[in-house]
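Peer 1: Sequence unavailable; structure follows:
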């Protein structure tokens, strides 16, 4: 249950050069996205109104896009404005457009056309332009529904089994870990103390082999994770009785991650890692972190795609049996459903209004 | 809407050696085609009556064909005439045959078994045995319906966008081009003046860099294109007010092309190019032309397969919005439908006759 | 029509090391099979009850298996016995188990859970531990239903056409061959005299170039072939009027083969070949035989998969037309159906009993 009336990640700003045509998938549809000469991003359904050739095989002309099958030209509102060899243009030669938002180096598409785009619900990622950090970015395509990737990111306990070595926290660390979950606007705020984790090699920072990690992240609809990871001397969690730390961490890192439902059974996963730009050799550190994260997320992909195949072949009357650790998953599913219902209620209101007018 | 009661191209004569078994696809069915010892072509459904092994993995024996799973032998009428280790043969061990026609180096199969094959409707291609020409032949398999390939060939204006360089005629040439369409027996006759096209390199022929091309082709059911391409000095089209030229062209070339609906969403495209055998190095010229055409048709394939994928994922209630340039497509679709209906009317007549007898 | 209430081959004992997890397919389901620390084989549906991750990506712990997604532990009866970070375990966190039998180096799974496993119906293969023989084993995955592979093995006449050289018996040999079929417990007993076959190269055995082969095999539900192949001097079959030989063969070989219905349109084929361990260079001989069999079975695979593709695209109202040689196939299909019905009758009885209790 993925609400279309939400901002779905479709890429990083740097991927959309002026005049380049990029075809992205969202909720089973193809959208051609391009940056106009004025630098703005436009999203139009990737299908010429004439004979359904994909516009992404076309040509950007200023703020318009030309189909390179028979030459029809569409403006940024999706309206056909030129048909070679023909004077009049049928008004219905018009394509659906998608609101596109760009913020902090991320690009999002609004997936609903029956609910106006709500810019207040854009995810609050740390900007990739933030000068205090250096960033690395990555992307993985899944042969699995976004639902499964969301569930993975909402329950970090899987790290004990799926990432026993890649992220440095073992079954033992996670056996001592403690989690708290709160509701926030449009999502959940999740805090984890993970004691006795292997510290990451960080030139310029004095750390013992083991640290206590305090991970705090918001997870917002339809699948945005914005996380701070702070490392403290081993024993800190215990000493604070697993309360929120009020002392300076040894090191602070950031990760923004986002799941896009490209289709019913496919998704695209974006991930950003950031380390302080003040670190000696910050570029080297971020390269290491990105390599580590990529290895770990590949472990996730293998497990989640295997899980999806089992789901696909399991008869529908066999239910998943949730654990106590699934609390965040259950809460988030409710939020997703609520968001979807808001949209349906909106449509109903429109109908009522229309009826009243008549 | 592909009428089965028509001659569908399945190959070139040279591909069917005596005793060789060739499996071809037509309208979603497999047919094994072979040339008997007497040189005649036979087409039988590619499925042994016994346990459905494909006969195309069998063995030709004179004018018969033996299944190489359990050894059943079928004659050219599809009747089983031998079952190893068994004396009597059930008469219903009989396979559907397909009328096969061979003309001018092309091979065709008649796709209907409820309407008799009509040899008068064979396409009128220039014979590949014509001594005044040398020919090159090619073949492309499409992951796209024949309908889309037909539409491509019925509207040459796509050349401006899909073949901006390969065929030598640019958006500017096509901007000045003029088309006329007439009905002919079983199809359309289409004439194009395409001014200011780059001339093709032709040893022994004096031509300026630019010529006016006069292209005349018949396009007949279910997808046969027979075209003469004549080049005149630049300015001729204008001078003749885009009328039919009555003067000698600088050069005349020929192309026969044909689209076979192998399945609902797949097709096979055959193409022949011919140049005058009197040209110095005619073999070199035809090799150049075939290379050029193959490049260009590959451009078509990429666009048409992309178009098909968009069609496949577009909800059925979204209609294509035709252009003025689609006139030939619309006329041809009507002809295809009319041909299909003739078949259904034929069946209805049979039923009426049967009823009268009873 | 494959009866689940039967023993289906899933592998060789040697493939299941202690603590190794093996995922096998049976009748469209995945089963994880592992050998406990005590050496016993356990089969459990390959799906964690929690979020459906495959247990085969998990970890064997003694006689239990741990899911390596979120750490749930299941005992050999399929009951969840540990959920990390959670004290109480819902009893319905329980997975279906499959009876596994191991006999003579083969491993079998019982596919029904509504009929108790019947160990008396295990196939009677020559044990791979038999010291009088040396064995080679092989395995082929088919993109074809088990039904087609069964039919292939129930009618050896195909050898004349599919294996004209690989098995040394030509169309001429098979033209003279004679077959008898008898019913046995749970299957058929099939005897073949195949005269004038090429003898296999067997160091230490004096044989002419041609021998008469006497093949006797049982074929039992759901697809087990246990065969003795005995070679006699050419002319023996004729001399005995194709009766059972009472004299010492020149050479005796063994083959066990088994077809597992992994899915509706897929199957796995196991094959064992055995030669007398007393032969000089018995290991060399068995290597030769296995190479020969593998080549021949590859010929079968190519034909049967081609046959399956034709079956798949043939309209359902076109029947296969059986030959006289299909007698064993018809008898075996009846046995398979009877076995399936026994199961349904069993279920009905349960229902009646349940009704009586109420």
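Peer 2: Okay, I see it. Quantities reported herein were computed from a predicted structural model and do not represent experimental measurements.

Peer 1: For residue A:316, which three-state class applies?
Peer 2: Secondary structure state of residue A:316, per DSSP: H, G, I helix; E, B strand; the rest coil, is coil.

Peer 1: Stretch A:232-242 near chain C anywhere?
Peer 2: No: no part of stretch A:232-242 sits near chain C under the criterion Cβ under 8 Å from any Cβ of the partner chain; the closest distance found is 13.9 Å. Heads up, the C-betas are built off the backbone N, CA and C, glycines and all.

Peer 1: chain center to that stretch, what's the gap?
Peer 2: 31 Å (Cα atoms, centre = their mean, to the nearest Å).

Peer 1: Helix, strand or coil: sort out the closest residue to chain C within the stretch 101-250 of chain A for me.
Peer 2: Residue of the stretch 101-250 of chain A nearest chain C, by Cβ to the nearest Cβ: residue A:161 (4.4 Å). Look at residue A:161: counting by three-state DSSP, its state is helix.

Peer 1: so what's it up against?
Peer 2: A:171, C:66-71 (Cβ atoms under 8 Å, 6 or more residues apart in numbering or on different chains).

Peer 1: how about the residues of chain A near chain B?
Peer 2: Counting by Cβ under 8 Å from any Cβ, chain A sits next to chain B at A:28-30, A:46-47, A:49-54, A:57, A:66-72, A:83-86, A:90, A:92-93.

Peer 1: Show me these that map onto strands.
Peer 2: Among the residues of chain A next to chain B, the residues falling in strands (DSSP state E) are A:29-30, A:66.

Peer 1: Without its sequence neighbours, what residue ends up closest to the residue nearest in space to the middle of chain A?
Peer 2: By Cα atoms, centre = their mean, the mean C-alpha position of chain A lies nearest to residue A:258, the distance being 1.7 Å. Distance criterion Cβ to Cβ, 6 or more residues apart in numbering or on different chains; nearest residue to residue A:258, sequence neighbours excluded, is residue A:9 at 3.8 Å.

Peer 1: and the helix or strand hosting the one you found, which strands flank it?
Peer 2: Taking DSSP states H and E as the criterion, residue A:9 maps to strand A:7-12. If you go by DSSP bridges, strand A:7-12 pairs up with strand A:106-110 (antiparallel).

Peer 1: Next, the residues that contact the partner strand from outside, please.
Peer 2: Strand A:106-110 has contacts (Cβ under 8 Å, 6+ apart) with A:5-13, A:15-16, A:24, A:26, A:31, A:33, A:41, A:43, A:98-102, A:117-118, A:122-123, A:125, A:128, A:256, A:258, A:270.

Peer 1: Of all the residues in that strand, which ones are buried?
Peer 2: For strand A:106-110, the neighbour count (16 or more other Cβ atoms under 10 Å in any protein chain shown) marks A:106-110 as buried.

Peer 1: ok, which pair from those residues is furthest apart?
Peer 2: Using Cβ to Cβ, the pair of the buried residues of strand A:106-110 lying farthest apart is A:106 and A:110, separated by 13.6 Å.

Peer 1: May I have the predicted confidence score for the residue of the stretch 101-250 of chain A closest to chain C?
Peer 2: As predicted, residue A:161 sits at a pLDDT of 97.

Peer 1: Next: residue A:249.
Peer 2: 98.
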